[in-house]
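Engineer: A predicted structure for the sequence below; I have some questions about it.
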Amino acid sequence: MATKTMWMFVICICSIHLLFAQTAPQRKLPAQRTIAPIKIDGSLNEEAWKVAPVANEFVEMRPTAGRVEDHNNRTEVYILYDNTSIYVGGYCHEISPDSVARELVGRDVVGSNDFIGIIFDTYNDKINASGFYVTPLGEQYDAKYSNTGGEDGSWSAVWYSEAKIVSDGWTFEMRIPYSALRFSPKGTEWGMNITRRRNKTGQQYTWNLVSPTINGFVNQEGLWTGISNIKPPVRLSFSPYFSAYVNHYPYNTPGVKNTSQSVNGGMDIKYGINQNYTLDMTLIPDFGQVQSDKKVLNLSPFEVKYAENRPFFTEGTELFNKGNLFYSRRIGGEPLNKYNIATNPNEIVADNPSETKLLNATKISGRNTKGLGIGLFNALTQEMHAEVEDTVTHEKRSVETGPLTNYNIFVLDQTMKNNSSVSLINTNVLRSGTSYDANVTAGMIDLNNKKNTYNFYSKVAISNLSSAGKAVTGYSHYVGYAKTGGRFNFTVSEELANERYNINDMGILYNNNYLDHYLYLGYKWIKPTQHYNNIYLNYNFNLSHRFSDTKFQSLNININGNSQLKNLWGVGSYIAYNANGNDFYEPRVANKVFKTGQSFVTEIWGSSNSAKKYYADADISVNFKELFGGVSTYIGIGQRYRFTKKFSLSTNFTYNPQMSNVGFADVDNGDIIFSRRDRKTSENTFTVKYSFTNKSGLSMVARHYWSQVVVKQYYTLNDDGSLTSNSAYHENNNYNFNLFNIDMVYTWQFAPGSFVNLVWKNAIQESDDEVRNKYFKNISRTIAADQNNNISIKILYYLDYLNLKKRR
């Protein structure tokens, strides 16, 4: 009944709000070939620039959409091409150099900088594009764009740029080799747009108007016309690496060394199979220098999802992320049977690796001239073993904890008219021996109307787990309809997964067996006034039932709004209501339920102008819970001070006290034990950045995480989901959990695509059940605990086949 009412409400709203956005005329810039040499030094002193076509008269994208840029701040961009590269030069005018926002922050970080970037949609499909950006101090940022993944800043290409600050603004030059792009030699028109940000005023301009009332970014591009006689080059590059590590941990155990060393070598290979498709391969990869995970004390029934920091798994993965079936941390994660080791009396597990070694990984991806995207991913992980030791005889034996495993993804994605697409994706995990295999297949369709103001999206997925001739098959689907254009937007959707649906061997799904309905309504005011630049108001309605027996799970209703003020400060607020619900997961036992009480949440946040030397943001929320009168508060404060264009400090502090928090504690003689507890969690992060040049810099991130749990009362979970006080249970479920990490990284880009990284990592994990209320006493105990120190150096050298051929 609720679902029917929701759909009728949306149809009514839709009939009232028929707001259609007007599409701006598409601008065109003629392509011009050059044979004159151009030195990339940031100065526009070559004769070729004087006769190059100019892209000018930029229009504002935000905050005042459609307004033509002021003459004193005008933008002039020139584009040329030859047989090997595209050349982009330009002049970003300002009244004085002081108007230019500039900061050295390193490659692929925008920071507080002004920037200018050019975006090429080489197949003119209005769905996929590549962007190349440069800041006033010559630092680079590049990104991939897609209609499903948005902006992917993890993608990196090898190209050349320089910039100079002058008396009335700044100038720049770029050379983008064709090897950095995928294109068809038959294409004579590319989609193109150019964007410029003036950070001190909060303004962003584009050459072809990008309207905030139209869904999408790439589809609002202009055209670069008249391209002729260019051929995709042989795209072949090698990136061999050498790395060395020294690790120290005070085991202080006979026969175990406190200090260990290792030397590694491997290679990344990139090969253009043809003008459309590229092969990426990593052989014997080394990810030891990636940023440390932000681990937490997890008391929930679900796993923690960690960010992916390994470059191979973040670059160029937009095709593989379709359908949300791929969680790359599964590859090289914990061995499958790490916690299922059978031991005999007197035996202990002496060594049990927590990560699986990745042997190699390969990606093939691209899109042809007819809009067909093809993706193929494959990775192979090594068989893993634990070491079990007899404490009496000291004999040791090896136990397999993870079989040799192959991970595979295959994707077909066909683009269609109106920024639409239809996709098929399959993920497959094959394990050697008797371990089970897993397979998931999903089909998706994403349709937009001609004006790109309405969208229909649907996904159907089937999972299959097979072992010893037996199979468990699961089913899931999603269907949604949305109004995406204009100032008023809505989404209405249904998502379903039966009790057998499981994608967790290569994806992540916290729970299955649900039938969810969702409604979103949003309205935006985007025309600046004397008080604000924009206001966004949103309403969300989430209703969840179990699929197998249609039992009610949860109902959440929230309203939130946010605004950018005229002084470029941001403010926002949020209120929510959670109805009495049924939690089938917190008991950790099948067919048991925990009755959750209703709760009310309120939140406010704000942030200052990020272009200023001093920047701060704050977030405060309070959750009032009916059950036991629990109150959860969250306070977050972030600060950053930029001393010079090279040096900055930042801090981030969060504090989350949860009073009378209720959750699972134990299973005792068949009884499910819950506890009412006070939990206090704080996290402090301190970051230092110093850039020597736009090619080298030093950064340090120190993080302290502290979570303390003090049990106030134990309860027994009843069959009806209620709680009864339990005075017979006396186990200690208090926690005092500390994590301290330091990641210090020196990076030097000594040649295009070539880097030297020197890294120091310090890690401490300290846990007991002692209650410590004083912060500095607690952190002193933590720092005094045993700590792991790791120092490493890695040299990566980029070799391009064409450059090697020229030298030869």
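Structural biologist: Noted; the coordinates are in hand. Numbers count the residues shown, from 1 in each chain.
Engineer: where along the stretch 51-200 of the chain do the helices fall?
Structural biologist: Here the stretch 51-200 of the chain has no helices by DSSP state H, counting those that start in this stretch.
Engineer: Apologies, that question was intended for the chain.
Structural biologist: Here the chain has its helices, by DSSP state H, at 2-16, 47-50, 775-783, 801-807.
Engineer: Lowest average pLDDT across the ones you listed?
Structural biologist: Of all the helices of the chain, the segment with the smallest mean pLDDT is helix 2-16, scoring a mean of 42.
Engineer: Of all the residues in stretch 359-376, which ones are buried?
Structural biologist: 359, 361-367, 371, 373-376 (16 or more other Cβ atoms under 10 Å). Quick note: C-beta positions are derived from backbone N, CA and C, even for glycine.
Engineer: how about these, which pair is most distant?
Structural biologist: Leu359 and Gly371 (34.5 Å; Cβ to Cβ).
Engineer: Quick one: mean pLDDT over stretch 58-74.
Structural biologist: pLDDT averaged over stretch 58-74 gives 94.
Engineer: got it, and stretch 646-661?
Structural biologist: 97.
Engineer: Tell me the one among the buried residues of stretch 359-376 nearest to Leu447.
Structural biologist: Gly371 (14.6 Å).
Engineer: ok, the closest residue to that closest one other than its chain neighbours to Thr317 distance?
Structural biologist: Leaving aside its chain neighbours, Gly371 sits nearest to Thr415 (3.7 Å; criterion: Cβ to Cβ, 6 or more residues apart in numbering). Here Thr415 is placed at a distance of 18 Å from Thr317 (Cβ to Cβ, to the nearest Å).
Engineer: the strands in the stretch 51-200 of the chain, which residues?
Structural biologist: 54-55, 59-62, 75-81, 85-93, 115-121, 129-134, 140-146, 150-152, 160-166, 169-177, 189-198 (DSSP state E, counting those that start in this stretch).
Engineer: helices or strands next to the last one in the packing?
Structural biologist: With contacts defined as 3 or more Cβ pairs under 8 Å, 6 or more residues apart in numbering; DSSP states H and E, strand 189-198 has these neighbours: strand 75-81, strand 115-121, strand 203-206, strand 222-225.
Engineer: Same check on the shortest one?
Structural biologist: If contacts are counted by 3+ Cβ pairs under 8 Å, 6+ apart, strand 54-55 sits against strand 75-81.
Engineer: tell me what the strand it packs on is packed against?
Structural biologist: Under the contact rule (3+ Cβ pairs under 8 Å, 6+ apart), strand 75-81 is packed against helix 47-50, strand 54-55, strand 85-93, strand 115-121, strand 189-198.
Engineer: In TSV: these, plus distance to Phe326 and mean neighbour count.
Structural biologist: Formatted as TSV, the helices and strands packed on strand 75-81 follow (distance: least, Cβ to Cβ, whole Å; neighbours: other Cβ atoms under 10 Å):
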stretch	distance to Phe326	mean neighbour count
helix 47-50	44	14
strand 54-55	38	19
strand 85-93	32	23
strand 115-121	25	23
strand 189-198	27	22
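Engineer: ranking the strands of the stretch 51-200 of the chain by mean pLDDT, which is last?
Structural biologist: Here the lowest mean pLDDT among those goes to strand 150-152, at a mean of 84.
Engineer: chain center to that one, what's the gap?
Structural biologist: 9 Å (Cα atoms, centre = their mean, to the nearest Å).
Engineer: For it, give me every contacting residue.
Structural biologist: Gly131, Ala143, Lys144, Tyr145, Ser146, Thr314, Gly316, Thr317, Glu318 (Cβ atoms under 8 Å, 6 or more residues apart in numbering).
Engineer: go again using 7 Å as the cut-off
Structural biologist: With contacts defined as Cβ atoms under 7 Å, 6 or more residues apart in numbering, strand 150-152 is touched by Ala143, Lys144, Tyr145, Glu318.
Engineer: Stretch 335-345 now?
Structural biologist: In contact with stretch 335-345 (Cβ under 7 Å, 6+ apart) are residues 349, 352-354, 356, 384, 386, 388, 399, 401-403, 435.
Engineer: how near is the residue lying closest to His517 once chain neighbours are set aside to Ile176?
Structural biologist: Excluding its sequence neighbours, the residue lying closest to His517 (Cβ to Cβ, 6+ apart) is Leu543, at 4.7 Å. Leu543 is 49 Å from Ile176, where distance means Cβ to Cβ.
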